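S.K.: Kindly generate the corresponding structure for this input.
(chains A and B)
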Amino acid sequence: MLEMFTYDFMVNAFWAGMIIAVVAATAGSFMVLRRYAMMSDTLAHVALVGVAVGIVAHQSTLWMAVIVSVLAAWLIEYLRYVQKIYSDATMALFLSGSLALAVIIVSLAGSFNSTLFSYLFGNILTVSKDDIITITVVGAVAMGAIVLHFEKLFFVAFDEEVAKTSGIAVGRLNFLLITIVALVVALSLRIVGSLLIGAMMVIPALTAMQYRQSFVRTVLLANLFALLSVLLGLSASYIWAIPSGASIVAAALLFFLLSLLRR
Amino acid sequence: MTFSVPLVQTRALGLTLNGQSILSNITLDIMEGEYSAIVGPNGGGKSSLLRLILGLQKPTSGTIALFGRPIERFDAWHRIGYVPQNVSHIDTHFPATVEEVVRMGRAVHRPWYALGYGAKEREIVTTAMEQMSITHLMHRRIGELSGGQRQRVLIARALASQPKLLILDEPNTGVDTHSQREFYALLKKLNTQSKMTILFVTHDVGVIADDIKNVICINGALLSCTQPHEMLQCDTVTQLYGVDAHVMHHHHH
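M.R.: Residues are numbered from 1 along each chain as shown, chains lettered A, B, ... in the order given. Now for the predicted structure:
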């Protein structure tokens, strides 16, 4: 089994998967507690529009996905926080609307092929050395931003209104968190796939919460479960030749079921 | 630092929502060191007044000044400790310990680049927990605590920000009678010993005790701003709640 580490594509996949696991589990913990779990799923579908544009325009699909999902994240947050439009309805609108748009774009260009399919479910063969550099740099910046604002994000998640009366710039923090989520989603498309990245952000956080620990320990546990899910999932993907996203999410689900048995 | 200007000053404050007047012409001053209560019936606009003072809502008319500065330019929010209605507000499944919740009170004080808590920060958090007698609960999760204990945790969080003004919204909600008595003794102590200005909102006129210096009666508009013994006259209570009232005085010893 260790022979898989002799292949560059597997080393790339593990490296990218572990960075994504850490950022997704940390940002996901805040999203779950803010009842914003569906946001990552929505942005994952939106990122597909970026992928579609990238395929059709022969541009970097990764960067197009980053740009489109960050812009969409800001628009969703603007509609929710400033315009006070119901957030679940806004997310439903973006989720289905963007999937439809992505399919239309690639269909019109005659490019609805295995490339787009791999972005739906993840494909470890698609992670290049350049992608690793991008994922490492963007992942480090995202984690740095979360760590520096950890206490304030925690306060806002616990009680947004009191955090606001304490002088915390709640609006700016919300935009920061949602931008990080958009980045994580776009970066994760190739490994986990757009249909499954939402689960990757939510399940480890949900699993960690079953252990009834402090907030810091809950976030650390979520990180541990996410890392283990990536290791287990990618190994299964290599051994049985199944899409990496599906096997990673299945592993995360396994840990969640075990956490339920422990209660 | 002593303020000769009111910590809270409202002038002709009005709030209209969806064409309905919630508050009109509210003019009041809360001076430093005062222990004040805003009383009135449910739906009388008490919580709306609090939201306006805390900057959570913009008034339709009138002005608000905090610590002598117009609210639009006020930025020292850490000087105001706010304790929301406790029981209904807290998500009992939220993974947070008592210590973590109290530490939130320090979140705005720490520089953006600070990663851990220094000795001074830890001492402030410990002192706030000691003041509220919750040190023994510091590792417990907030959702495991009783209503009275949770209330103490939220006050400790407010105290950890070392405020000059403590604002509490319906602090009696979901708290048993014994805890309520302890709670008001504690507020009195904070006011007299720590020289903290206290403003709380309640619909329960029965909790108005003699040690409260200033009672602000509101029912859409400011009805009176007076001493407790004057407020607890049959006419005032009748005017405030719209029912015939008979007041029986009972002094605690």
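
S.K.: what about residue A:72, how many neighbours?
M.R.: Neighbour count of residue A:72, defined by other Cβ atoms under 10 Å in any protein chain shown: 23. Every residue, glycine included, has its C-beta placed from N, CA and C.

S.K.: Just give the closest residue to it, not the sequence neighbours.
M.R.: residue A:46 (4.1 Å; Cβ to Cβ, 6 or more residues apart in numbering or on different chains).

S.K.: dump the residue contacts of the residue of the stretch 51-200 of chain B found nearest chain A.
M.R.: At 3.3 Å from chain A, residue B:77 is the closest residue in the stretch 51-200 of chain B, using Cβ to the nearest Cβ. By Cβ atoms under 8 Å, 6 or more residues apart in numbering or on different chains, the residues touching residue B:77 are A:165-167, B:55, B:108.

S.K.: Can you tell me which of those residues are buried?
M.R.: For these, a burial check counting by 16 or more other Cβ atoms under 10 Å in any protein chain shown picks out A:165-167, B:55, B:108.

S.K.: is it possible to export the contacts of residue B:77 to TSV including pLDDT?
M.R.: What follows is these, written out as TSV (pLDDT from 0 to 100):
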residue	pLDDT
A:165	91
A:166	90
A:167	89
B:55	92
B:108	82
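
S.K.: Closest to residue A:183 out of those?
M.R.: Residue A:183 lies nearest to residue B:108 out of those, by Cβ to Cβ, at 26.2 Å.

S.K.: Closest residue of chain A to chain B?
M.R.: residue A:167 (3.3 Å).

S.K.: Phi and psi next, for the most centrally placed residue in chain A.
M.R.: By Cα atoms, centre = their mean, chain A has its centre lying nearest to residue A:185, at 3.5 Å. Main-chain torsions, residue A:185, degrees, to the nearest 10: phi -60, psi -50.

S.K.: Which residue, neighbours along the chain excluded, lies closest to it?
M.R.: Leaving out its chain neighbours, the residue that sits closest to residue A:185 by Cβ to Cβ, 6+ apart is residue A:43, at 4.5 Å.

S.K.: roughly how far out does the helix or strand of chain A with the lowest mean pLDDT sit from the chain middle?
M.R.: Ranked by mean pLDDT, DSSP states H and E, the helix or strand of chain A with the weakest confidence is helix A:114-121, at a mean of 74. Mean-position distance between helix A:114-121 and its chain equals 16 Å (Cα atoms, centre = their mean, to the nearest Å).

S.K.: Would you check that the residue nearest to residue A:185 makes contact with residue A:180?
M.R.: No - the pair residue A:43 / residue A:180 is not scored as a contact, 10.8 Å apart, by Cβ atoms under 8 Å.

S.K.: Tell me which of those two has more neighbours.
M.R.: Neighbour count, other Cβ under 10 Å: between residue A:43 and residue A:180, residue A:43 has more, with 32 against 27.

S.K.: Model confidence at the more buried one, what's the number?
M.R.: pLDDT recorded at residue A:43 is 90.

S.K.: That one falls within a strand, correct?
M.R.: No - with DSSP: H, G, I helix; E, B strand; the rest coil as the criterion, residue A:43 is located in helix rather than a strand.

S.K.: Contact residues of the stretch 151-263 of chain A facing chain B?
M.R.: Within the stretch 151-263 of chain A, the positions near chain B by Cβ under 8 Å from any Cβ of the partner chain are A:151-152, A:154-155, A:158-159, A:161-168, A:208-209, A:212-218.

S.K.: Now, the residues you listed that are in helices?
M.R.: Judged by DSSP state H, these include A:151-152, A:154-155, A:158, A:161-165, A:208-209, A:215-218 as members of helices.

S.K.: Can you flag the buried ones in those residues?
M.R.: Among these, the ones that count as buried by 16+ other Cβ under 10 Å are A:151-152, A:154-155, A:158, A:162-165, A:208-209, A:215, A:218.

S.K.: Which two among those are spaced furthest apart?
M.R.: Across those, the longest distance by Cβ to Cβ is 29.3 Å; it joins A:165 and A:208.

S.K.: Quick one: the helices in the stretch 1-150 of chain B, in order.
M.R.: For the stretch 1-150 of chain B, helices defined by DSSP state H, counting those that start in this stretch occupy the ranges B:46-53, B:86-89, B:98-103, B:119-131, B:147-160.

S.K.: Export those helices as a markdown table, with columns for mean neighbour count.
M.R.: Listed next are these as a markdown table, based on neighbours: other Cβ atoms under 10 Å in any protein chain shown:
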| stretch | mean neighbour count |
| --- | --- |
| helix B:46-53 | 23 |
| helix B:86-89 | 16 |
| helix B:98-103 | 25 |
| helix B:119-131 | 16 |
| helix B:147-160 | 25 |
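
S.K.: And the buried ones among the ones in helices among the residues of the stretch 151-263 of chain A next to chain B, which is closest to residue A:17?
M.R.: Here the nearest of these to residue A:17, counting by Cβ to Cβ, is residue A:208; it sits at 18.4 Å.

S.K.: any idea how far that closest one is from residue A:225?
M.R.: Separation of residue A:208 from residue A:225 (Cβ to Cβ, to the nearest Å): 6 Å.

S.K.: Common neighbours of the two, please.
M.R.: Shared contacts of residue A:208 and residue A:225, defined by Cβ under 8 Å, 6+ apart, comprise residue A:25.

S.K.: Out of the ones in helices among the residues of the stretch 151-263 of chain A next to chain B, which is nearest to residue A:138?
M.R.: Among these, residue A:152 lies closest to residue A:138 (Cβ to Cβ), at 21.6 Å.

S.K.: so who does that closest one touch?
M.R.: The contact partners of residue A:152, taken as Cβ under 8 Å, 6+ apart, are A:163, A:168, A:173, B:107-108.

S.K.: Please convert those residues to TSV, extending it with distance to residue B:200.
M.R.: Below are these laid out as TSV (distance: Cβ to Cβ, whole Å):
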residue	distance to residue B:200
A:163	21
A:168	23
A:173	29
B:107	23
B:108	22
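
S.K.: Pull the contacting residues for residue A:244.
M.R.: For residue A:244, the contact set (Cβ under 8 Å, 6+ apart) comprises A:13, A:17, A:122-124, A:191-193, A:233-234, A:237.
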